[in-house]
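After the sequence you'll find the predicted model.
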Amino acid sequence: MKIETKCLHEGYVRGNGDPATLPIVQSTTYVFDSTQHIADLFDMPTECMYSRFANPTVDAVEKKIAALEGGVGAMCTTSGQAASLLSVLNLTKAGESIIAVSSLYGGTINLFAFTLKKLGIECIFVDPEADDAALEAAVKPNTRLVFGETLANPALNVFDIERFAAFAHKHKIPLIVDNTFPTPILCRPFEWGADIVVHSTTKYMDGHALQGGGVIVDSGNFDWTNGNFPDFTEPDESYHGVIYTKEFGKMAYIIKARMQLMRDLGCYPAAHSAFLLNLGLETLAVRMERYCRNGEQVAAFLASCEDVERVSYPGLEGDPYHERAKKYLPNGTAGVISFVIKGGRERATKFMDALQLASREVHVADIRTCVLHPASMTHRQLTDEQLVAAGIDAGMIRLSVGLENVDDILDDIRQAFEASR
Ligand SMILES: *Cc1c(COP(=O)(O)O)cnc(C)c1O
């Protein structure tokens, strides 16, 4: 099946007389005819026995996302943050370290730099364009993974997945990629060598600003028996001595995440959330195509505007990441654009307040066009000088282009430029 078809037909498998649409199984638990049957499920979790481990509605969505990314299995979580955290905790413990590129979603940076540190896991940040020597200098004997983001939020740089996969594999460690902005419709990191993918499904996958969620997807390709990951190859004393690579083969990573981390930390999504996420996924391919086309037109318009100092959008010719975008994101770079308005902070605020169609909100990758002013919102604590150091101009606006008719979006931007002059 092609990816558009997978969006509709993967996951929920219908039998004769079954509901046409994915049913919401609103039950914490499941009943069985024998004690032995349940005991067997603890050995080999092939059916749902308790909704913290698995629920049929959530399971169908996990199977769909795994199929879209080309992975062997997936695990949904309550948020993108939870997915990032669990993806790392599944491979590391106190006293070990990870490498992450510095152009990541701000929430991921906080998680890695501060919260992981409190848990005893050190994160070494590297410039995503660092030369080989600088990358090698970040590797320690206890480094357990490399982490990057395909299309960074909000920097909008394109991550060189193939290069970082080769770097990680040279050191016998996996590459985890946050693929939130492209979604598997625009980029499938496993095809470029990534081993694990995470998403905030809160963004384009849900797409309608309905509910938060996250997912971890396992490619099944990494060799956990290479000596660096004893937790995969030695008996798990918390799970009656299971050896994950022996029992579960290619599914070792995702089953370990479920049976250790979801079991103990419990951040599992509700069936109703999975149902809503599935609705978003059904139209994902159609929506992503329109986000890209609208984004391209709006970015080109902004680049031609007297009112604009600069535009960041990898889909735009002349953008520093345009060539790399052609390789990894050949069908488009979604709908998120950053631009700097002439006139600094004051003009940016005026412009935003003058918008009539686009809404001012703390969100991105929504079905409706929305805007955010990093300097007074997400990066509010920084002074204007610190903002410059962080690469954020006081006049920078992050515009998330939605699915409205592009002429209406452009008209709104035009009138807001005028009103703010
Ligand atoms: C929003 C976001 C996250 C965090 O997701 P939540 O669902 O808000 O927890 C992680 N990564 C990226 C790229 C994001 O945009």
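Arrived safely.

If we ignore the residues flanking it in sequence, what's nearest residue 236?
Taking Cβ to Cβ, 6 or more residues apart in numbering as the measure, residue 236 lies nearest to residue 242, with 5.0 Å between them; neighbours along the chain are not counted. (Glycine included, C-beta is placed from N, CA and C.)

what sits against that neighbour?
Residues counted as contacts of residue 242 (Cβ atoms under 8 Å, 6 or more residues apart in numbering) are 235, 236, 259.

So what does the second one look like in phi/psi?
Per-residue torsions, residue 236: phi -90, psi 110 (degrees, to the nearest 10).

got a list of what it touches?
Taking Cβ under 8 Å, 6+ apart as the definition, contacts of residue 236 comprise 242, 243, 244, 256, 260.

What distance do you get for it to residue 248?
11 Å (Cβ to Cβ, to the nearest Å).

same thing with residue 327?
Summarising the geometry, the distance separating residue 327 from residue 248, computed by Cβ to Cβ, is 34 Å.

I'd say residue 283 and residue 7 touch.
Yes. With contact defined as Cβ atoms under 8 Å, residue 283 counts as touching residue 7 (7.3 Å).

Of those two, which one has the most company?
Under the criterion of other Cβ atoms under 10 Å, the comparison of residue 283 against residue 7 puts residue 7 first, with 25 against 17.

Next, the contact list for the more buried one, please.
Residue 7 makes contact with 64, 68, 185, 281, 282, 283, 284, 285 under the criterion Cβ under 8 Å, 6+ apart.

what does the stretch 201-350 of the chain put close to the ligand?
Contact residues, the stretch 201-350 of the chain versus the ligand (Cβ under 6 Å from any ligand atom): 202, 203, 212, 214.

Looking at those, state which has the most neighbours.
Neighbours here mean other Cβ under 10 Å. Within these, the largest count is held by residue 214, at 27 neighbours.

For that one, give me its contacts.
Contact partners of residue 214, counting by Cβ under 8 Å, 6+ apart, are 76-84, 198-202.

Reformat those residues as a markdown table; add secondary structure and pLDDT.
As requested, the contacts of residue 214 are arranged in a markdown table below (DSSP: H, G, I helix; E, B strand; the rest coil; pLDDT from 0 to 100):
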| residue | secondary structure | pLDDT |
| --- | --- | --- |
| 76 | strand | 98 |
| 77 | strand | 98 |
| 78 | coil | 98 |
| 79 | coil | 98 |
| 80 | helix | 98 |
| 81 | helix | 98 |
| 82 | helix | 98 |
| 83 | helix | 98 |
| 84 | helix | 98 |
| 198 | strand | 98 |
| 199 | strand | 98 |
| 200 | strand | 98 |
| 201 | coil | 98 |
| 202 | coil | 97 |
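
Please, where are all the strands along this structure?
Applying DSSP state E to the chain gives strands spanning 73-77, 97-101, 122-126, 143-149, 175-178, 196-200, 214-218, 308-312, 336-341, 359-360, 370-372, 396-400.

Residue in the stretch 1-150 of the chain with the shortest distance to the ligand?
In the stretch 1-150 of the chain, the residue found nearest to the ligand is residue 80; the distance is 2.3 Å by Cβ to the nearest ligand atom.

re earlier: adding pLDDT, write the contacts of residue 242 out as JSON lines.
Formatted as JSON lines, the contacts of residue 242 follow (pLDDT from 0 to 100):
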{"residue": "235", "pLDDT": "97"}
{"residue": "236", "pLDDT": "95"}
{"residue": "259", "pLDDT": "93"}
